[in-house]
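*Asks:* structure for this input, please:
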Amino acid sequence: MDPQAFIRLSIGSLGLRIPGPALNAAKSGIHAVPSPCSCEIRLRGFPVQTSSVPLVSSPEATPDSHSIASSFYLEESDLKALLAPGCFYAPHACLEIVVFTGRKGSHCGVGIKRQQIGTFKLEVGPEWGEKKPVILFHGWIGIGKNKQESGKPGAELHLRVKLDPDPRYVFQFEDVATSSPQIVQLQGTIKQPIFSCKFSRDRVSQVDPLSTYWSGSSDSSEQETERRERKGWKVKIHDLSGSAVAAAFITTPFVPSTGCDWVARSNPGAWLIVRPDACRPESWQPWGKLEAWRERGIRDSICCRFHLLSEGQDGGELLMSEIFINAEKGGEFFIDTDRQVRAAATTPIPSPQSSGDFAALAPAVGGFVMSCRVQGEGKSSKPLVQLAIRHITCVEDAAIFMALAAAVDLSIEACRPFRRKFRRGNCHSL
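*Replies:* A predicted model of the protein is given here:
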């Protein structure tokens, strides 16, 4: 399998140092300097990212050089766009970091106005396209507005900007998952078949190894199942020889919560992601669990929460991702330790390195692991999957992520409202 070239631009080791006179002047005015401050990180063609910037009070102190505040992932087309000449007022693209006092928000309904401290700019140059590790900047730099106006020392920003190659394998389902499509690897305009996907809604037979993990009784009627619950969905991923190398199947049915016609957070549906057990032929080993439910709002969203499962009888669960996907338009499910930490998830997302025995995520050093882009409900979705090559040691490692991607995609449909009649007002926040 040949990977596609991607570049990871990381910004970290942030710290803000304000000299005594400037700090005292700020404190004596209307706008006191809060801690931490915040910044907006901008790169042409990408959404603006935000991060906190801690104040550094000691002249000798230096922020952690390994901390990451923001990351951008650039593919070939992104690099070409950034390196291309811009318009007359912005001839060159640049990385721009604007530092403010405080964070954008409101208090008691009154908007809080941020005060800009200064700006750091780094022009995009030819070294961005060389596809090798390079530190673009590391250290302190003056950004205060008075650094040139009066000659007095102003605010200083500490940061580390680095480029790293981050090659990925890119796969796509050639049709919707329910049509049992082929899965191809994309390399430019070339499509190479790698896997096939087999979907079924049937109950698992007693001779199927997956029946060990199946929930629910076998004597229930299937005729009315889809009207009141969605269960019995199963996806198997086969390699080119026809051998099953990964699978995903529903273990907790997707059912409407009491008084509602949708799957609520209080009772999510769940998938078990499994792979062949190397020690026991024709057996499967649990690898991960995907839970999904519907969040109601002005724009409904589907929440997908993924845990890695530890091996052994007393194995635990390791939260790797919890992503909200627009129910109508679709979106991206991803496992990325940097982005998860910046999103301030309720449970911190640890590095996949702590996953221990899971070969498909080890060795790992954090950062991007995988992404899966899917369409919204009722649309023809052909999931596009990207995998960081450092987590893929063999074809079977890639297959397990294909099973996870299929489960994410099918969860969009599994969480559709059941359109069941219910009394208004019976279902509140669950």
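
*Asks:* from here on, just use CA atoms for contacts and neighbour counts.
*Replies:* Noted.

*Asks:* could you list the residues in contact with stretch 291-309?
*Replies:* With contacts defined as CA atoms under 8 Å, 6 or more residues apart in numbering, stretch 291-309 is touched by 262-265, 267-271, 286-290, 315-328, 333, 355, 408, 411-412, 415-416.

*Asks:* okay, and the helix or strand of this structure with the least pLDDT?
*Replies:* The helix or strand of the chain with the poorest confidence is helix 20-28; it has a mean of 47 (mean pLDDT, DSSP states H and E).

*Asks:* list only those of the contacts of stretch 291-309 flagged as buried.
*Replies:* Buried members of the contacts of stretch 291-309, scored by 16 or more other CA atoms under 10 Å, are 262-265, 267-271, 286-290, 318-328, 333, 355, 408, 411-412, 415-416.

*Asks:* what's the neighbour count on residue 259?
*Replies:* 15 (other CA atoms under 10 Å).

*Asks:* please read the previous query as pertaining to residue 123.
*Replies:* 13.

*Asks:* next: residue 85.
*Replies:* Residue 85 has 12 nearby residues by other CA under 10 Å.

*Asks:* correct me if wrong: residue 97 contacts residue 39.
*Replies:* Yes - counting by CA atoms under 8 Å, residue 39 is a contact partner of residue 97 at 6.4 Å.

*Asks:* tell me the SS of the residue nearest to residue 85 when sequence neighbours are not counted?
*Replies:* Nearest residue to residue 85, sequence neighbours excluded (CA to CA, 6 or more residues apart in numbering): residue 91, at 5.5 Å. Following DSSP: H, G, I helix; E, B strand; the rest coil, residue 91 is assigned to coil.

*Asks:* look up how far residue 132 lies from residue 91.
*Replies:* 25 Å (CA to CA, to the nearest Å).

*Asks:* how about residue 128, what does it touch?
*Replies:* 79, 163.

*Asks:* that older thread, tell me the mean pLDDT for the helix or strand following the least confident helix or strand of the chain?
*Replies:* With elements assigned by DSSP states H and E, the helix or strand that comes after helix 20-28 is strand 37-43. Per-residue pLDDT values over strand 37-43 give a mean of 93.

*Asks:* residue 3: how many residues sit nearby?
*Replies:* By other CA under 10 Å, neighbour count at residue 3 equals 17.

*Asks:* dig out what the residue nearest to the spatial centre of the chain forms beta bridges with.
*Replies:* With distances taken as CA atoms, centre = their mean, residue 334 lies nearest the centre of the chain, 2.9 Å away. When bridges are called by DSSP bridges, residue 334 pairs up with residue 371.

*Asks:* tell me the pLDDT of it.
*Replies:* The predicted local confidence for residue 334 is 94.

*Asks:* flag the shaky bits of the stretch 201-350 of the chain, pLDDT-wise.
*Replies:* 202-227, 311-315, 340-350 (pLDDT under 70).
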